[in-house]
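Participant: no sequence for this one, just the structure:
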């Protein structure tokens, strides 16, 4: 495991190694926080708070405990908790695909590209547009599905790691990822059907 | 496989591909310094006026991390950021009295109670610097003395390299370490001339030292007490001059029945 050297070094000299830890994980935690919270400002504060929490916790851990840490999963878990607390505190009105809010509708429509093969999204601009669209669709998922699908596919972690971070049994994590994909797919086909009907009526 | 099954698998693939293509974003540049500052590992700096001109002193909560000369705070901050890859801000408060006093050579380094942030240095390098910290102002010791005292008597060259890399010169007084033949030797912070200025400002007399060295004298003995010292040792300097004897080597002193001084420890004391 490539992080073993970093973990040993943290156990030996936390203050001397902590900066390296931030450098190694800052992009990962920031991206993760951004996908979870949706805004850059929130993401930066969440990432900051997460590292500060991690430092304070490590400060109290004996060296053996640090050596036994699954560092990456532990950091993602801290970030997830910080982000959850923040979202709860802000009481952002939850827009979700399930209850079909206006934002979800807009995202769905944006994601949809015409089936005409001549206008496939193969230009770079269109592909980046599609990325933005899928990101905004993910943002409308309920939190338990959103965190699962982000960890699995955006962060590229194994199902075991996802389960570990979410503190769920493997089966639960697996079904949450699965359910998230199904929700996204349903959102896309639903919007196509709506669009189709609109066209027929017109 | 039904048509709908196929279609659903297709769109699942598209979704997963879409998700994995969401590239990782780069954290904003402000993240790292903000985190370090909040956990107390962030750096700020002071400007000190010393006998060799303005010095800039960087410190974090872990301790003092860098001392160097620069023409301005901006130039110093730029050099610091280049070296450590993180930002640094000027310290609004005055430097602790100890820092000022050490820079002026008024405090014994060891008693100053300063803490240093020596991240990234090896254990050996830290031992060398820790030992240099024990040399009182107004006195000097040879490189070989440090090597012997930290238990690596053969690592004289490595001792020199470790001192040359001292990230906090003046505060860790590597200028008080001289060549084993008594010559002043090199100095990282502006060459031998500055080393001389610093030693003079602390009350050591580099010219006298070099004159003694040139005439082959390495140690001074006290006839009455039958002990011998490095020439700058405070112990022998405080005693009457007419009781002094000169030695070219520790063997000569030992053979004459003189014991190494317990303060400056010019030789390993036989167990």
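Facilitator: Received, thanks. Predicted model only: the values in this text are computed from it and were never measured.
Participant: domains of the chain?
Facilitator: Because you didn't say which chain, this covers chain A. With domains defined by automatic domain parsing, chain A comprises A:1-92, A:95-202.
Participant: correction: the question concerned chain B.
Facilitator: B:34-103, B:216-271.
Participant: show me what contacts residue A:155?
Facilitator: Shown here is residue A:155, whose contacts under the criterion Cβ atoms under 8 Å, 6 or more residues apart in numbering or on different chains are A:28, A:31-32, A:76. (C-beta placed from N, C-alpha, C; glycine too.)
Participant: same thing with residue A:77?
Facilitator: Residue A:77 makes contact with A:164-167, according to Cβ under 8 Å, 6+ apart.
Participant: same check on residue A:135?
Facilitator: Counting by Cβ under 8 Å, 6+ apart, residue A:135 makes contact with A:35, B:22.
Participant: same check on residue A:29?
Facilitator: Per Cβ under 8 Å, 6+ apart, neighbours of residue A:29: A:47, A:50-51, A:75-76, A:79, B:27.
Participant: need the next SSE after the helix or strand bottoming out on mean pLDDT in chain B, C-terminal direction.
Facilitator: One helix or strand of chain B scores below all others by mean pLDDT, DSSP states H and E: helix B:97-103, with a mean of 68. Note on helix B:97-103: by DSSP states H and E, the next helix or strand toward the C-terminus is helix B:123-132.
Participant: so residue B:95, which state does it fall into?
Facilitator: coil (DSSP: H, G, I helix; E, B strand; the rest coil).
Participant: report pLDDT for it.
Facilitator: Note on residue B:95: pLDDT of 77.
Participant: next up, the contacts around it.
Facilitator: Shown in contact with residue B:95 (Cβ under 8 Å, 6+ apart): B:46, B:48, B:57.
Participant: what segments of the stretch 51-200 of chain B are strands?
Facilitator: B:53-60, B:63-69, B:88-90, B:141-142, B:177-178 (DSSP state E, counting those that start in this stretch).
Participant: now stretch A:166-183: average pLDDT?
Facilitator: Stretch A:166-183 carries an average pLDDT of 95.
Participant: residues of that stretch that come out buried?
Facilitator: Residues of stretch A:166-183 classed as buried: A:166, A:168, A:173-174, A:176-177, A:179-181, A:183 (neighbour count, 16 or more other Cβ atoms under 10 Å in any protein chain shown).
Participant: which residues are contacting it?
Facilitator: The contact list for stretch A:166-183 (Cβ under 8 Å, 6+ apart) reads A:77, A:80, A:97-98, A:141, A:144-149, A:151-153, A:159-160, A:162-163, B:12, B:15-16.
Participant: not counting sequence-adjacent ones, nearest residue to residue A:59?
Facilitator: residue A:14 (6.5 Å; Cβ to Cβ, 6 or more residues apart in numbering or on different chains).
Participant: cool, and residue B:68?
Facilitator: Distances taken as Cβ to Cβ, 6+ apart put residue B:56 closest to residue B:68, at 6.0 Å, once the chain neighbours are dropped.
Participant: for the residue in the stretch 151-271 of chain B that chain A sits nearest to, phi and psi?
Facilitator: Across the stretch 151-271 of chain B, no residue is closer to chain A than residue B:167, which sits at 13.0 Å (Cβ to the nearest Cβ). For residue B:167, the backbone dihedrals (degrees, to the nearest 10) come out as phi -80, psi -10.
Participant: separation between the closest residue to it other than its chain neighbours and residue B:74?
Facilitator: Sequence neighbours aside, residue B:66 is the residue nearest to residue B:167 in space, at 5.1 Å (criterion: Cβ to Cβ, 6+ apart). To residue B:74, residue B:66 is 16 Å away according to Cβ to Cβ, to the nearest Å.
Participant: of these two, which one has the most company?
Facilitator: In this view residue B:66 and residue B:74 are compared by other Cβ atoms under 10 Å in any protein chain shown, and residue B:66 has more residues nearby, 22 against 10.
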